[in-house]
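Undergrad: build me a model from this:
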Amino acid sequence: MVDHPHSKFILPDRTYQGLVRSELKKMVEAAGFTGHRLGEVEIVIAEITSNLVKHAHKGGEILARPITTPFPGVEFISIDKGPGMSRPMKMMEDGLSTSNTLGQGLGAIRRLSSAFDLYSLPAWGTILFSRLYRDKSQESPKHLLELSAISVCKKNEIVCGDLWTSAIHGKKYRLMMIDGLGHGHSAHTAAREAVTTFHDSPKVTPVEQLRALHDRLKKTRGGVVTVAYIDEINQQLKYSGVGNITMKVVSPARAHGCLSYNGIVGHIMPAVLNDHVLQIDRRADILILHSDGLSGRWDLQKYPGILQHHGMIIGAALYKDFDRGNDDSTILVAKFSK
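TA: Numbering: from 1, shown residues only. Alright, predicted model coming up:
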């Protein structure tokens, strides 16, 4: 489960640069960074903010959060709307810099990061992802199923009503996403109750899990929920959902939308609720879930080569173009490692 939602820092021009750097440094220090490693993170922050104000049309925004798992650290996602890069790999050469920046270059950000990726399209913009652990020697662990998530609260809220969680049993994975009804503390309380139930009362099938969630969420305002079980050995997805969580299986060859029933878990459940089964190809298919803070009318075919990138890049591209801006927004990307 995402342990903290991402905070959003808008950087429309250079007048905001000092303030954003200061706020990001406070977050990093609160996450326990000190000494030389703190200095390295400050270089990353300086390069990210400089790139936004010097190269992007009307600046951009940074999503940032402290992380506790798998190791303590921080995470940054830089998003802009253009002009994009025609040669992003060239720009990542260590030491390359333009427009009188620090001379560190994107290559230095990559070198200092525990996990890094970059995606750019001319006339569309650029997304940069950097995750830095307090202990630089630690590397992001490799799992058969890599889960990447972005979660952003509705404006002026400090807690998120969207939550997701997972459980691993050998080569079988259980995923759940809930969007608590509304937003704010009451929605967050409902979502936390769902997460607790998911782990305390695991069920054999998604439908059984939904019914257990329904019973426990009656004392809350409830929410919309999708539960997905992935069997990596048999390459099978079994799922069921109630409400408007969007879930799609995507690959270079297809995009398969997944069904969901009308209702609110904890209040109104359909009389008939079935599990749905879908065969998946672990070499190509990616599972994406998101709350209705994002429009579901997206097509990853419009982003050449993006399926080969880190799940955080995929999620950030969808957030960039399809966030509605009037609700909590959460995106979960599940990719099998190659």
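Undergrad: strands of the stretch 101-250 of the chain, residue ranges please.
TA: 115-121, 125-133, 145-152, 162-169, 172-180, 223-231, 236-242, 246-250 (DSSP state E, counting those that start in this stretch).
Undergrad: okay if I get these as JSON lines plus mean neighbour count and distance to S295?
TA: C-beta: built from backbone N, CA, C; applies to glycine. Formatted as JSON lines, the strands of the stretch 101-250 of the chain follow (neighbours: other Cβ atoms under 10 Å; distance: least, Cβ to Cβ, whole Å):
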{"stretch": "strand 115-121", "mean neighbour count": "20", "distance to S295": "20"}
{"stretch": "strand 125-133", "mean neighbour count": "24", "distance to S295": "18"}
{"stretch": "strand 145-152", "mean neighbour count": "22", "distance to S295": "15"}
{"stretch": "strand 162-169", "mean neighbour count": "20", "distance to S295": "15"}
{"stretch": "strand 172-180", "mean neighbour count": "26", "distance to S295": "14"}
{"stretch": "strand 223-231", "mean neighbour count": "25", "distance to S295": "16"}
{"stretch": "strand 236-242", "mean neighbour count": "22", "distance to S295": "18"}
{"stretch": "strand 246-250", "mean neighbour count": "21", "distance to S295": "9"}
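Undergrad: quick check: which of these is nearest to A334?
TA: Each of these was checked against A334 via Cβ to Cβ, and the shortest separation belongs to strand 145-152, namely 5.5 Å.
Undergrad: and the closest one, what does it pack onto?
TA: If contacts are counted by 3 or more Cβ pairs under 8 Å, 6 or more residues apart in numbering; DSSP states H and E, strand 145-152 sits against strand 162-169, helix 311-322, strand 329-336.
Undergrad: of all the ones you listed, which one comes closest to S114?
TA: helix 311-322 (12.6 Å).
Undergrad: and for that closest one, what's in contact with it?
TA: The contact list for helix 311-322 (Cβ atoms under 8 Å, 6 or more residues apart in numbering) reads 63, 75, 77, 79, 81, 117-119, 125, 127, 129, 131, 146-150, 152, 286, 288, 290, 294-298, 300, 303, 306-307, 329, 331-335.
Undergrad: give the buried residues for it.
TA: G311, M312, I313, I314, G315, A316, A317, L318, Y319, K320, D321, F322 (16 or more other Cβ atoms under 10 Å).
Undergrad: name the nearest of the residues you listed relative to H57.
TA: K320 (13.4 Å).
Undergrad: could you measure from that closest one over to V265?
TA: K320 sits 30 Å away from V265 when distances are taken as Cβ to Cβ, to the nearest Å.
Undergrad: do the same with L289
TA: Distance from L289 to V265, counting by Cβ to Cβ: 15 Å.
Undergrad: circling back to that earlier point, so can I have JSON lines of the helices and strands packed on strand 145-152 showing distance to T15?
TA: Listed next are the helices and strands packed on strand 145-152 as JSON lines, based on distance: least, Cβ to Cβ, whole Å:
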{"stretch": "strand 162-169", "distance to T15": "32"}
{"stretch": "helix 311-322", "distance to T15": "23"}
{"stretch": "strand 329-336", "distance to T15": "27"}
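Undergrad: redo those as CSV? Include distance to Q236 and mean pLDDT.
TA: As requested, these are arranged in CSV below (distance: least, Cβ to Cβ, whole Å; pLDDT from 0 to 100):
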stretch, distance to Q236, mean pLDDT
strand 162-169, 14, 94
helix 311-322, 21, 98
strand 329-336, 13, 96
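Undergrad: for the stretch 1-150 of the chain, give me the ranges with low pLDDT.
TA: Counting by pLDDT under 70, the stretch 1-150 of the chain contains low-confidence ranges at 1-3, 86-104, 141-143.
Undergrad: helices of that one, residue ranges please.
TA: Taking DSSP state H, counting those that start in this stretch as the criterion, the stretch 1-150 of the chain contains helices spanning 17-30, 35-55, 88-91, 105-112.
Undergrad: looking at those, which is nearest to T69?
TA: Taking Cβ to Cβ as the measure, these were each checked against T69, and helix 17-30 came out nearest at 16.9 Å.
Undergrad: what's that closest one packed up against?
TA: Taking 3+ Cβ pairs under 8 Å, 6+ apart as contact, the helices and strands that helix 17-30 lies on are strand 7-11, helix 35-55, strand 60-67, strand 73-80.
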